[in-house]
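Asker: model this:
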Amino acid sequence: MTQRLAFLASDRPEAQTARERLVQRYGEHPLDQAEVVVALGGDGFMLETLHANLDAMVPVFGMNRGSVGFLMNDFGEDDLPARVAAADEAVIHPLQMDAVTVAGERTGGLAFNEVSLLRQTRQSAKLRVSVDGRVRMDELICDGALVATPAGSTAYNLSAHGPIIPLDARMLALTPISAFRPRRWRGALLSHGAEVAFDVLEADKRPVSATADSTEVRRVARVEVRERRDIALTMLFDANRTYHERVLTEQFAG
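Answerer: Model (predicted):
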């Protein structure tokens, strides 16, 4: 039986045009009645769709109508219901960011890719890094640091020379961004149950921002990061190009 589809598109003209053609061809259902959401755009729009889908938790089948599409399937108008029905499921869990500013304000946010800390000025950031309540690094001098999910390990984390993590590995990547001291530290692989805390040293002199996907907090003093296993969203990938296959291909790319 054909699944009930809802179509969402980014603001890009090619995404909007694709949505119009697909709706005309297959019809559509309201989001609250849909069994699958078809997201048309790039990886950024996929993240937006996942955040918007937190309450309904409807599986999302993405098709690339943007610039970056690691989380998206190739675009095609033909046989869409059959593609969706045969798709491989990839279940992802977001990170919870809890940030406290220098002024004592508290802000929370969810990240499906990563929680990142970045220096706000020309001066390097100084961070103290703790895992599960134990200080593991007294002082990390860097441009920043991030904690990435397996789904996010191929995004900013990979650009920062962090490891690619298979989706079923139940691990997180802790990766420095342009580490100056210790210069040779490349980060750590952590259990998915680990709780990571960053304390910003000399926060007034060396301000740092923290970002969970699209939620940004400026001038943070402390940031805590943990995985939310109670939240599980499903992305759908074409059976001939599963997320697992994409991760393997990326690791052997030249």
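Asker: quick one: contacts for the closest residue to Ala86 other than its chain neighbours?
Answerer: What sits nearest to Ala86 in space, not counting adjacent residues and going by CB to CB, 6 or more residues apart in numbering, is Ala239, at 4.9 Å. All C-beta spots, glycine's among them, are computed from the backbone N, C-alpha and C. By CB atoms under 8 Å, 6 or more residues apart in numbering, Ala239 lies in contact with 86-88.
Asker: any chance of the residues you listed in JSON lines, plus pLDDT?
Answerer: Below are the contacts of Ala239 laid out as JSON lines (pLDDT from 0 to 100):
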{"residue": "Ala86", "pLDDT": "95"}
{"residue": "Ala87", "pLDDT": "95"}
{"residue": "Asp88", "pLDDT": "94"}
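Asker: mind checking how far the residue nearest to Ala86 is from Ala9?
Answerer: 24 Å (CB to CB, to the nearest Å).
Asker: One more: Asp213?
Answerer: Taking CB to CB, one finds Asp213 at 19 Å from Ala9.
Asker: what about the residue nearest to Ala86, is that helix, strand or coil?
Answerer: coil (DSSP: H, G, I helix; E, B strand; the rest coil).
Asker: per-residue confidence at it?
Answerer: Per-residue confidence (pLDDT) for Ala239: 90.
Asker: Need the phi and psi values for it.
Answerer: phi -60, psi -30 (degrees, to the nearest 10).
Asker: likewise Asp199?
Answerer: phi -100, psi 130.
Asker: Please name the spatially closest residue to it (chain neighbours excluded).
Answerer: Nearest to Asp199 is Arg128, by CB to CB, 6+ apart, at 4.2 Å.
Asker: Just the element for that neighbour, please.
Answerer: strand 125-131 (DSSP states H and E).
Asker: which other residues reach that strand?
Answerer: 117-119, 135-145, 174, 188, 190, 194-202, 206, 208.
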